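Undergrad: Dropping a prediction and its sequence here:
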Amino acid sequence: MGTSASVTNWAGNIVFGAGRFHRPDSVPALQELVAGSDRIRALGTGHSFSPIADTTGDLVSLADLPKIAHIDPDAATVTVAAGARYGEVTGMLTAAGFALPNLGSLPHISIAGACSTGTHGSGNGNGALATAVSAIELVGADGELRTVRRGDAEFAGSVVALGALGIVTTLTLDLRPAFDLRQWVYEGLRRFDDVEEALAAAYSVSLFTYWEGEGFEQVWIKQRDTDPEPPLRWLGSTRADGPRHMVRGVDPRHCTPQLGVVGPWNERLPHFRLEFTPSSGEELQSEYLLPRGSLVDALRALDRIRDTIAPVLQVCEIRTIAADDLWLSLAHERDSAAVHFTWVADTAAVLPVVAAVEAVLEPFGARPHWGKVFGIEPDAVRALWPRLPDVERLLRRHDPAGKFRNAMVDRYLPA
């Protein structure tokens with residue numbers, strides 16, 4: 001039974017316009033709900049800052065579906081319930097001797113939501129989280145279950161699909177042997193000319209700046225424990241003498257262990273511990289992915305408007321992502337660098353700054369994250385993703401009545 005209670009996203013900047021909210025406790029109940037609905041969308045953990053999950057009809061949480069997590073050791077895969085959070089699965093994988101290739105900064109996000117919007121971690125050799133998906137099961141517009149597997153003609157358009165192809169029920173993810181990492185924070189990377197070397201220095205690297213001074217205040221290095229320990233001083237920066245949080249004034253106990261303490265992959269790749277909520281949602285976020293080779297020039301361009309950015313910024317993070325072939329991925333067919341902004345929770349103050357950032361980044365072909373705040377016009381977005389027409393044909397084929405569409409999908413992927 002659905003309720004009409006108002007629901008917001010994690011940050012509270014989106015109030016969903018759904019007429020009803022549902023939490024089905026079985027896949028058959030979900031199928032019945034989808035088959036009987038005119039408009040329906042799935043809601044993950046609500047960590048998107050755009051109206052990507054909104055609908056005027058039925059909004060569905062998958063949190064009450066059975067918690068499937070089946071490891072196939074021979075195939076080196078795990079099949080998980082779409083509503084599961086990464087942190088609910090990764091400990092089990094580690095105990096079984098397996099790992100995912102990468103994780104995002106938050107272990108609190110749902111697996112299906114992260115994959116369907118192109119969410120990523122960092123590392124020159126690491127793809128977005130969706131690149132680990134080898135099969136996806138979903139409820140289609142007719143209420144029937146179907147599975148799309150890697151190698152199928154429609155697979156590349158079905159994984160990062162913004163929830164517009166159906167309600168995902170399970171995903172099958174590639175695994176690799178479990179591995180250990182150690183993490184350090186360095187302070188004071190001043191030269192943009194050193195950025196490429198810094199980002200290539202370890203399995204996963206993040207650079208943080210407040211756009212108030214020269215270069216980057218912090219560099220987070222997540223290194224395989226088998227690699228040589230880095231020096232105390234490196235590229236002009238100095239290893240921090242204690243734990244650090246990337247946002248000023250926030251207790252670093254919320255962050256995963258630093259200071260070179262070795263630990264399993266799932267307790268080092270995220271920035272934040274599963275047992276702590278990293279913030280109360282008092283923020284907005286925007287993110288743009290550029291061709292990796294243009295990053296340094298883009299940083300210099302942003303530096304020229306630092307006085308515009310800094311007053312509404314909590315922190316800016318730079319990460320890297322390997323190219324993939326997924327049609328709506330932010331890293332589609334290009335090795336990428338991500339420029340991520342965590343803003344203050346003031347939409348009126350932030351939106352003009354977002355527009356200024358987008359104007360500066362436009363010459364670099366910056367793709368906006370589908371789940372973050374952005375204002376790039378549809379025609380400009382269409383020029384950034386060469387396979388958008390194929391996605392539109394895919395949506396028309398599987399959802400001709402637009403059951404899974406919403407205003408954002410209509411704006412950027414018109415029927």
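TA: Thanks, I have it.
Undergrad: CA atoms for contacts and neighbours, from now on please.
TA: Noted.
Undergrad: Report pLDDT for the residue nearest the centre of the chain.
TA: The chain has residue 119 as the residue nearest its centroid, 2.0 Å off, counting by CA atoms, centre = their mean. On pLDDT, residue 119 comes in at 96.
Undergrad: Direction included, what does the helix or strand harbouring residue 223 pair up with?
TA: Following DSSP states H and E, one finds residue 223 within strand 216-224. Partner strands and pairing direction for strand 216-224 (DSSP bridges) are strand 180-189 (antiparallel), strand 204-209 (antiparallel).
Undergrad: Of these, flag the one that's most buried.
TA: strand 204-209 (a mean of 25; mean count of other CA atoms under 10 Å).
Undergrad: What lies in contact with that one?
TA: 121-124, 198-199, 215-223, 246, 269, 315-320 (CA atoms under 8 Å, 6 or more residues apart in numbering).
Undergrad: Could you do stretch 119-133 as well?
TA: 100-105, 114-116, 118, 150, 159-160, 171-175, 199-200, 202-206, 319-324, 326, 329, 331, 335, 369.
Undergrad: and the gap between residue 86 and residue 197?
TA: 30 Å (CA to CA, to the nearest Å).
Undergrad: Could you check which of those two is surrounded by more residues?
TA: Per other CA atoms under 10 Å, whichever of residue 86 and residue 197 has more neighbours is residue 86, with 22 against 10.
Undergrad: Test my guess that that one contacts residue 107.
TA: Yes. With contact defined as CA atoms under 8 Å, residue 86 counts as touching residue 107 (5.2 Å).
Undergrad: before we move on, the earlier item: counting only helices, which of the contacts of stretch 119-133 make the cut?
TA: Among those, the members falling in helices (DSSP state H) are 114, 115, 116, 199.
Undergrad: hmm, back to that, kindly give a single PyMOL line that selects the buried subset of the contacts of stretch 119-133.
TA: A single PyMOL command selects the buried members of the contacts of stretch 119-133 (16 or more other CA atoms under 10 Å):
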select buried, resi 100+101+102+103+104+105+114+115+116+118+159+160+171+172+173+174+175+199+202+203+204+205+206+319+320+321+322+323+324+326+329+331+335+369
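Undergrad: Wait, a strand at residue 410?
TA: No. Under the criterion used here (DSSP: H, G, I helix; E, B strand; the rest coil), residue 410 is helix, not part of a strand.
Undergrad: What pLDDT does the model give it?
TA: Note on residue 410: pLDDT of 96.
Undergrad: pLDDT weak spots in the chain?
TA: 1-6, 277-281 (pLDDT under 70).
Undergrad: can you give me the helices for it?
TA: Counting by DSSP H, the helices of the chain are 27-35, 86-95, 111-116, 195-199, 295-303, 306-309, 347-361, 378-384, 388-398, 407-412.
Undergrad: Mind exporting the C-alpha coordinates of the second one to PDB?
TA: As requested, the backbone C-alpha atoms of helix 86-95 are provided in PDB (Å, rounded to 0.1, in the frame of the first residue of the first chain):
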ATOM      1  CA  TYR A  86      27.800  -0.800  -0.800                       C
ATOM      2  CA  GLY A  87      28.800  -1.000   2.900                       C
ATOM      3  CA  GLU A  88      26.300  -3.800   3.500                       C
ATOM      4  CA  VAL A  89      28.000  -6.000   0.900                       C
ATOM      5  CA  THR A  90      31.700  -5.200   0.900                       C
ATOM      6  CA  GLY A  91      32.400  -6.800   4.300                       C
ATOM      7  CA  MET A  92      30.900 -10.100   3.200                       C
ATOM      8  CA  LEU A  93      33.000 -10.000   0.000                       C
ATOM      9  CA  THR A  94      36.200  -9.300   2.000                       C
ATOM     10  CA  ALA A  95      35.500 -12.200   4.300                       C
END
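Undergrad: Could you pull out the buried residues of it?
TA: Neighbour count says helix 86-95 has 86, 87, 88, 89, 90, 91, 93, 94 buried, by 16+ other CA under 10 Å.
Undergrad: about what we covered before: ok, and which of the helices of the chain has the densest surroundings?
TA: Mean neighbour count (mean count of other CA under 10 Å) peaks for helix 111-116 among the helices of the chain, with a mean of 26.
Undergrad: thinking again about what came up before, could I get the buried residues of helix 86-95 in JSON lines, plus columns for distance to residue 37?
TA: Supplementary listing: those in JSON lines, determined by distance: CA to CA, whole Å:
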{"residue": "86", "distance to residue 37": "29"}
{"residue": "87", "distance to residue 37": "32"}
{"residue": "88", "distance to residue 37": "30"}
{"residue": "89", "distance to residue 37": "31"}
{"residue": "90", "distance to residue 37": "34"}
{"residue": "91", "distance to residue 37": "37"}
{"residue": "93", "distance to residue 37": "36"}
{"residue": "94", "distance to residue 37": "40"}
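Undergrad: so who does the closest residue to residue 79 other than its chain neighbours touch?
TA: The shortest distance from residue 79 to any residue other than its chain neighbours is 4.1 Å, reached at residue 172 (CA to CA, 6 or more residues apart in numbering). Listed by CA under 8 Å, 6+ apart, the contact set of residue 172 reads 77, 78, 79, 80, 133, 134, 135, 136.
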